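J.: No sequence on hand, only this structure:
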Ligand SMILES: Nc1ncnc2c1ncn2[C@@H]1O[C@H](COP(=O)(O)OP(=O)(O)OP(=O)(O)O)[C@@H](O)[C@H]1O
């Protein structure tokens, strides 16, 4: 589903990683682990064409990542960041900004699986905890039906109980190809497979 072949990353003269190759099978839940600064987030952004890579090649669903194919590839991906700093007051406004229609109640059902009541969508982001906000963002993003889910540090603000609920939710998303960047032990242990950047 996703193939990275012999890719390297540098910012200016600073080499972050070199000659990295891995693949993610369709329906697999794979986690990239590694110390802070090893390039996990950048690698997830590379797959979406937001960070340029050196050497090698990346392909998604059999299609090489090029200027021409980027928009089609992005169209198959849900990108779930750790946090959002957008001009929105709460979850309802975020749903509107993202142009989502939630008429089948999927967001509420995902919030429930993540241990939150749906009314939290109306609560000001300033008044919810970091862990609640992260789960609201995840529920909203997961309601979008795309075959590939990329998540950057999905547990960064979550406590152990919320991590377990999120793992359970991810495993219930049948058929999705999930690639995450994390250094959380519980998350890593529950992934189908891990690769390490160092
Ligand atoms: N746009 C950029 N310009 C210059 N340097 C960058 C840029 N983005 C990231 N870096 C540097 O590249 C390195 C890798 O960053 P990245 O965020 O990908 O690492 P990470 O493994 O995800 O780290 P963390 O676990 O702390 O999130 C870091 O040293 C970072 O400072």
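T.: Done, it's in. Predicted model only: the values in this text are computed from it and were never measured. Residues are numbered from 1 along each chain as shown.

J.: contacting residues for residue 8?
T.: Neighbour list for residue 8: 15, 17-20, 53-56 [criterion: CB atoms under 8 Å, 6 or more residues apart in numbering]. (Each C-beta comes from the backbone N, C-alpha and C, glycine too.)

J.: tell me the secondary structure for it?
T.: strand (DSSP: H, G, I helix; E, B strand; the rest coil).

J.: sorry, back to before: what remains of the contacts of residue 8 if I keep only buried residues?
T.: The neighbour-count criterion (16 or more other CB atoms under 10 Å) marks 17, 20, 53 among these as buried.

J.: Can you add secondary structure, pLDDT and distance to the ligand and give these back as JSON lines?
T.: Below are those laid out as JSON lines (DSSP: H, G, I helix; E, B strand; the rest coil; pLDDT from 0 to 100; distance: CB to the nearest ligand atom, whole Å):
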{"residue": "17", "secondary structure": "strand", "pLDDT": "94", "distance to the ligand": "8"}
{"residue": "20", "secondary structure": "strand", "pLDDT": "95", "distance to the ligand": "12"}
{"residue": "53", "secondary structure": "coil", "pLDDT": "87", "distance to the ligand": "12"}
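
J.: For the residues you listed, give me TSV that also has distance to residue 196.
T.: Listed next are those as TSV, based on distance: CB to CB, whole Å:
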residue	distance to residue 196
17	11
20	10
53	18
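
J.: what about the residue sitting furthest away from the middle of the chain, distance to the ligand?
T.: Residue farthest from the centre of the chain, counting by CA atoms, centre = their mean, is residue 13 at 28.1 Å. According to CB to the nearest ligand atom, to the nearest Å, residue 13 and the ligand sit 11 Å apart.

J.: what do you get for residue 40?
T.: Noted for residue 40: a distance of 4 Å to the ligand, by CB to the nearest ligand atom.

J.: partners of the residue nearest the centre of the chain in the sheet?
T.: Among the residues of the chain, the one closest to the centroid is residue 151, at 1.5 Å (CA atoms, centre = their mean). Taking DSSP bridges as the rule, residue 151 bridges to residue 80, residue 180.

J.: I figured it hits residue 80, correct?
T.: Yes: using CB atoms under 8 Å, residue 151 is in contact with residue 80, at 4.4 Å.

J.: so what sits against both of those two?
T.: Shared contacts of residue 151 and residue 80 (CB under 8 Å, 6+ apart): residue 138.
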